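Enquirer: Sequence plus predicted model, see below.
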There are 2 protein chains.
Amino acid sequence: MSYYADAVSQLIKMLENVDRWLTAGEEHAKKKSFDPNVLLTQRLAPDQFALLRQVQAACDAAKFFAARLSGKTAPSHPDTETNMAELHARIGAVTEYLKGFSAADFAGADTCIVPLGFAPGKGMKGADYAREMALPNFYFHCVTAYSILRHNGVELGKRDYIGNMAIIDI
Amino acid sequence: MSYYADAVSQLIKMLENVDRWLTAGEEHAKKKSFDPNVLLTQRLAPDQFALLRQVQAACDAAKFFAARLSGKTAPSHPDTETNMAELHARIGAVTEYLKGFSAADFAGADTCIVPLGFAPGKGMKGADYAREMALPNFYFHCVTAYSILRHNGVELGKRDYIGNMAIIDI
């Protein structure tokens, strides 16, 4: 099941990208002489999560992807972060956790049953959960974090979003 | 290679979700008595695509995912849309195209080489292209379209974003 291990590599890379977008936000704040943590309170709609919670949610989506599809219990992260430094540390903790997984951990991922916390008695087959919920949800929070920073003038572009790719000569 | 066919099903579902978000935007515009096509000109940053182009880009990302990973030539869509009705039609044309693919079309997808238009002489292995570029790019444009609508007051929530899922009793 190298598909799931490869997906985890992609989650790690994206979270490392998010970490760099936050750093770009800090550099922008320094240049403009405002507190970088103000960026963490920004949101695109009043009933949408602010940047801080978007990043926490991206971290959780990645963590639960790996844990649930390998039958492990994810480490607890109680969402206590309040500033850029703590958010960088949260991303670092989750990427370290994700780096501990290998293809063997996902041997039963395709057909395992993932219970849905918001619907007792309901669940999804692992492959469906990955494709229909975990990955779209992960990208939702990453892209929204990116968009909040872009909307607030932070200089980022598509390459910062995509990050490194396995490009070869042809 | 049912992975790629399943991924195409997910792309179809997400594009059908995007179509419904646009309809929600039209209903919002009607309620507020403004021209719904104004929404298509909105953007989150001055140097980012407006909603119209975000939807066109999501359509292209989905179309090229299927075409490039199956060795086919994608149909041409010259980005001539200027209003909601034409954008709905574009989404409909692309989802119809995507519905013509089956698992057998992607027999060589994992190891095929996808040339990169922006880097002559360079390419990516199919599996890497799907995971590192095509899907993140597709979700980028879908989520940004969603965020532009949310930012402009259209009533959408996470369920509208995720859409239907294969939920089972457990």
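Expert: Here it is on my side, so go on. Because the structure is a prediction, the values reported are computed rather than measured. Numbering: from 1, shown residues only, chains lettered A, B, ... in the order given.
Enquirer: Next, the buried residues of the lengthiest helix in chain A.
Expert: Longest helix of chain A, by residue count under DSSP state H: helix A:2-32. For helix A:2-32, burial by neighbour count (16 or more other C-beta atoms under 10 Å in any protein chain shown) applies to A:3-15, A:17-19, A:21-22, A:25-26, A:28-29. Every C-beta, even on glycine, is put in place using the N, C-alpha and C of the backbone.
Enquirer: Helix B:2-32 and that helix, what's the angle between them?
Expert: Counting by axes from the mean of the first three to the mean of the last three C-alpha atoms, to 10 degrees, helix A:2-32 lies at 40 degrees to helix B:2-32.
Enquirer: which helices and strands sit right next to helix A:2-32?
Expert: Counting contacts by 3 or more C-beta pairs under 8 Å, 6 or more residues apart in numbering or on different chains; DSSP states H and E, helix A:2-32 packs against helix A:51-70, helix A:84-98, helix A:135-151, helix A:158-162.
Enquirer: between it and helix A:84-98, what angle do the directions make?
Expert: Inter-element angle recorded for helix A:2-32 and helix A:84-98: 170 degrees (by the same axes, to 10 degrees).
Enquirer: Please state the offset of helix A:2-32 from the chain centre?
Expert: Its chain's average C-alpha position is 8 Å from that of helix A:2-32, according to C-alpha atoms, centre = their mean, to the nearest Å.
Enquirer: Check what contacts stretch A:7-14 and list those residues.
Expert: Residues external to stretch A:7-14 that are found in contact with it (C-beta atoms under 8 Å, 6 or more residues apart in numbering or on different chains): A:58, A:62, A:65-66, A:95, A:98-99, A:101, A:130, A:135, A:138-139, A:142, A:163-164, B:131-132, B:136.
Enquirer: For that stretch, give the mean pLDDT please.
Expert: The average pLDDT within stretch A:7-14 is 98.
Enquirer: got it, and stretch A:95-103?
Expert: 98.
Enquirer: Stretch A:65-73 too?
Expert: 97.
Enquirer: distance of the residue most central in space within chain A from chain B?
Expert: For chain A, the residue nearest the mean C-alpha position is residue A:58 (2.9 Å; C-alpha atoms, centre = their mean). Computed as C-beta to the nearest C-beta, to the nearest Å, the residue A:58 to chain B distance reads 12 Å.
Enquirer: Ignoring the adjacent residues along the chain, who's closest to that residue?
Expert: Of all residues not flanking residue A:58 in the chain, residue A:141 sits nearest, at 3.8 Å (C-beta to C-beta, 6 or more residues apart in numbering or on different chains).
Enquirer: Any idea how many residues pack against the one you found?
Expert: Residues lying near residue A:141 (other C-beta atoms under 10 Å in any protein chain shown) number 23.
Enquirer: wouldn't it be in contact with residue A:62 here?
Expert: No. The pair residue A:141 / residue A:62 is not scored as a contact, 9.3 Å apart, by C-beta atoms under 8 Å.
Enquirer: wait, what's in contact with residue A:92?
Expert: For residue A:92, the contacting residues are residue A:19, by C-beta under 8 Å, 6+ apart.
Enquirer: any idea how far it lies from residue A:83?
Expert: In this view, residue A:92 and residue A:83 are 14 Å apart by C-beta to C-beta, to the nearest Å.
Enquirer: same thing with residue A:58?
Expert: Separation of residue A:58 from residue A:83 (C-beta to C-beta) stands at 17 Å.
Enquirer: before we move on, what about residue A:18?
Expert: 16 Å.
Enquirer: go on, residue A:77?
Expert: According to C-beta to C-beta, residue A:77 stands 16 Å off from residue A:83.
Enquirer: From what I see, residue A:48 and residue B:153 are in contact.
Expert: No. Using C-beta under 8 Å, residue A:48 is not in contact with residue B:153; the gap is 11.7 Å.
Enquirer: So if I had to pick from the two, which one is more boxed in?
Expert: Using other C-beta under 10 Å as the criterion, residue A:48 and residue B:153 rank with residue A:48 on top: 17 against 14.
Enquirer: Apart from its chain neighbours, what residue comes closest to the more buried one?
Expert: residue B:150 (6.1 Å).
Enquirer: Around the one you found, count how many other residues there are.
Expert: If you count neighbours by other C-beta under 10 Å, residue B:150 ends up with 22.
Enquirer: quick one: low-confidence ranges for chain A?
Expert: For chain A, the stretches with pLDDT under 70 are A:1.
Enquirer: could you say which helix or strand contains residue A:123?
Expert: Per DSSP states H and E: residue A:123 is located in strand A:122-125.
Enquirer: Identify the residues contacting that strand?
Expert: Contacts to strand A:122-125, defined as C-beta under 8 Å, 6+ apart, come from residues A:110-116, A:132-133, B:165-170.
Enquirer: how does it look with 6 Å?
Expert: Strand A:122-125 has contacts (C-beta atoms under 6 Å, 6 or more residues apart in numbering or on different chains) with A:113, A:114, A:115, A:116, B:167, B:170.
Enquirer: and the residue nearest to the first one when sequence neighbours are not counted, how many neighbours?
Expert: When you say that, I think you mean residue A:113. Nearest-residue entry for residue A:113: residue A:123, 4.7 Å, with adjacent residues in sequence omitted and distances by C-beta to C-beta, 6+ apart. Using other C-beta under 10 Å, residue A:123 has 18 neighbouring residues.
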